[in-house]
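[1] coordinates only, sequence not included:
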């Protein structure tokens, strides 16, 4: 960087470039840098605005570092340093300092106190409005990014040509294309020497064959704390809540299931067969509870006591036991044999098969895989291949389950980028003085 005033170009489609621009604008003055955010949309923060039904689950309430990192299907090792430096608590404090108090729900999701995603967006809008050296240029779609000596040449669809000293790519993935995430950044990164892993949608619903033969029978029925595993395998892919829809299955933990299966081909010709356990407990745990219930209610029929074992929606329970005719719900607890008891547990834990036929179009919220993180510094998010080129959030091979973890990785990587650029500019100015 030759000039005292550094030209910084942030190319993005969502939250990461907003955080990066904010931190840079608040730490650098107009004599140190000129920061321009180039956005292909006509408005900012589209993905923030629609997050969690407009409420914006912007981070997690988990506090222990190892517990946080468990939530990342890919990229946990890369994030280890950044999560330690910019923990969820620090992110909540950051937004509180900017006027957005937050609250945590019982499941650990963190939302603005108002439950309005617009509060998060307004933080960035205020910074853009009050810092003259932070410029927002909308409807600017980048078509070419080339390195020229120690600078970069950026050419936009309008024909406008820009020279920048530093480029930050925060263009997102392929998910939610209608918000501007079209995957352009992968091609720009590839053109500058980076490796892109195979891409796949993640955090999506699934189309599936109808359970019990008809979608209408279970539409909008939800189940609590179920466990999914691939049929024939013992490993639990994920466990939590789910809902049956008019096309298949959805819900927070179905999204987590999608993250685990992101690398798998799923088509009507190549279905994935899952076993649905109606509790995350194992056989022995369920059996012990069943024996206890039978002993406490010896004269009651199974129809009157099975809900004590696993509470199920009535519509689901009726269908489940009707298809398992070998179990007589009218018999009393005292007449139940050991084999019959095991048969009940079998029905609850490993008799229900769900055949996934397709990822639900438009449902995916993040893209699995991305830029190979071995080619990027985990402490600064700077390219190891192209100096002064930085990456943040979804463009990297990082993705987590639902619960605020993907936004958390956004804030972390954008903050690391900003911190490094600020330190580099300060060092450069000192050397020139």
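    Perfect, I can see it now. Keep in mind it's a predicted model, so treat the numbers as computed, not measured.

[2] helix or strand right after the lowest-mean-pLDDT helix or strand in the chain?
    Ranked by mean pLDDT, DSSP states H and E, the weakest helix or strand in the chain is strand 366-368, scoring a mean of 65. Next along the chain after strand 366-368, taking DSSP states H and E as the criterion, comes strand 389-391.

[3] Show me what that following strand is packed up against.
    Helices and strands touching strand 389-391, by 3 or more Cβ pairs under 8 Å, 6 or more residues apart in numbering; DSSP states H and E, are strand 166-170, helix 405-432. All C-beta spots, glycine's among them, are computed from the backbone N, C-alpha and C.

[4] among these, which is the most enclosed?
    Most buried of those by mean neighbour count (mean count of other Cβ atoms under 10 Å) is strand 166-170; its value is a mean of 28.

[5] list the helices and strands that strand packs on?
    Using 3+ Cβ pairs under 8 Å, 6+ apart: strand 166-170 touches strand 6-12, helix 15-27, strand 151-156, helix 184-191, strand 389-391, helix 405-432.

[6] List the buried residues of stretch 112-124.
    112, 116-117, 119-124 (16 or more other Cβ atoms under 10 Å).

[7] Endpoint to endpoint, it covers what distance?
    Length of stretch 112-124, first residue to last, Cα to Cα, to the nearest Å: 15 Å.

[8] can you check stretch 139-156 too?
    Its start and end residues considered, stretch 139-156 measures 10 Å (Cα to Cα).

[9] Could you give the average pLDDT over that stretch?
    Summarised as a single mean, pLDDT over stretch 139-156 is 93.

[10] So what's the gap between that stretch and the chain middle?
    On the basis of Cα atoms, centre = their mean, to the nearest Å, stretch 139-156 sits 29 Å off its chain's mean C-alpha point.

[11] which residues sit against it?
    1-2, 9, 11, 38-42, 157-158, 160-167, 184, 188, 191-192, 386-389 (Cβ atoms under 8 Å, 6 or more residues apart in numbering).

[12] quick one: secondary structure of residue 140?
    Assigned with DSSP: H, G, I helix; E, B strand; the rest coil, residue 140 falls in the coil class.

[13] Give me the average confidence score over stretch 306-323.
    Computed over stretch 306-323, the average pLDDT equals 93.

[14] ditto for stretch 340-360
    Stretch 340-360 comes out at a mean pLDDT of 94.

[15] Could I get the buried residue list for it?
    Neighbour count says stretch 340-360 has 343-345, 347-349, 351-352, 354-360 buried, by 16+ other Cβ under 10 Å.

[16] measure residue 392 to residue 82 for me?
    10 Å (Cβ to Cβ, to the nearest Å).

[17] Let me see the ranges of the helices in this structure.
    15-27, 46-50, 65-69, 76-85, 88-97, 118-130, 184-191, 215-218, 252-260, 283-296, 302-309, 314-323, 338-350, 405-432 (DSSP state H).

[18] So for residue 96, which of the helices and strands packed on strand 166-170 sits nearest?
    Of all the helices and strands packed on strand 166-170, helix 405-432 sits nearest to residue 96, with 13.4 Å by Cβ to Cβ.

[19] Against which helices or strands is the closest one packed?
    Partner elements for helix 405-432 (3+ Cβ pairs under 8 Å, 6+ apart): strand 6-12, helix 15-27, strand 59-60, helix 76-85, helix 88-97, strand 166-170, strand 389-391, strand 399-400.
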